[in-house]
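Asks: here is the input, now give the coordinates:
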Amino acid sequence: MMSPLLEKVLAEVTQLDPKEQLQLVSYLVTRWQQQPELFVEKKISRKNLFGCIPGKIKMAEDFDAPLNDFAEYM
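Replies: Numbering: from 1, shown residues only. Prediction:
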């Protein structure tokens, strides 16, 4: 199943004349060769995850204090 965006792009390309189609393909191939990282899924290792957002997550001082919602069960 193709995405709606890809279907729209392919429909637009078929309306171009063969010379314009060739120019478009040539442009896309050139862009792909210049910046292949845009088209390749990067793998993230676990090693790179640790320490990647220091100071962004804060824990409340009373995080382990009993919750009022469970007072009747304690």
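
Asks: pLDDT at the closest residue to residue 21 other than its chain neighbours, what is it?
Replies: Of all residues not flanking residue 21 in the chain, residue 13 sits nearest, at 6.1 Å (Cβ to Cβ, 6 or more residues apart in numbering). For the C-beta atoms, the positions are set from N, CA and C on the backbone; glycine is no exception. On pLDDT, residue 13 comes in at 81.

Asks: correct me if wrong: residue 13 contacts residue 22.
Replies: No: applying Cβ atoms under 8 Å as the test, residue 13 and residue 22 come out as separate, 11.0 Å apart.

Asks: ok so, going back, so what's the residue count around the residue nearest to residue 21?
Replies: Burial of residue 13, expressed as a neighbour count using other Cβ atoms under 10 Å, amounts to 12.

Asks: and residue 56, which of the three is it?
Replies: With DSSP: H, G, I helix; E, B strand; the rest coil as the basis, residue 56 sits in coil.

Asks: could you shift the numbering so residue one becomes 45, and keep it that way?
Replies: All right, first residue 45 from here; so that's residue 100.

Asks: how many other residues sit next to it?
Replies: The number of residues packed near residue 100 is 6, by other Cβ under 10 Å.

Asks: please apply the same query to residue 68.
Replies: Around residue 68 there are 14 other residues, counting by other Cβ under 10 Å.
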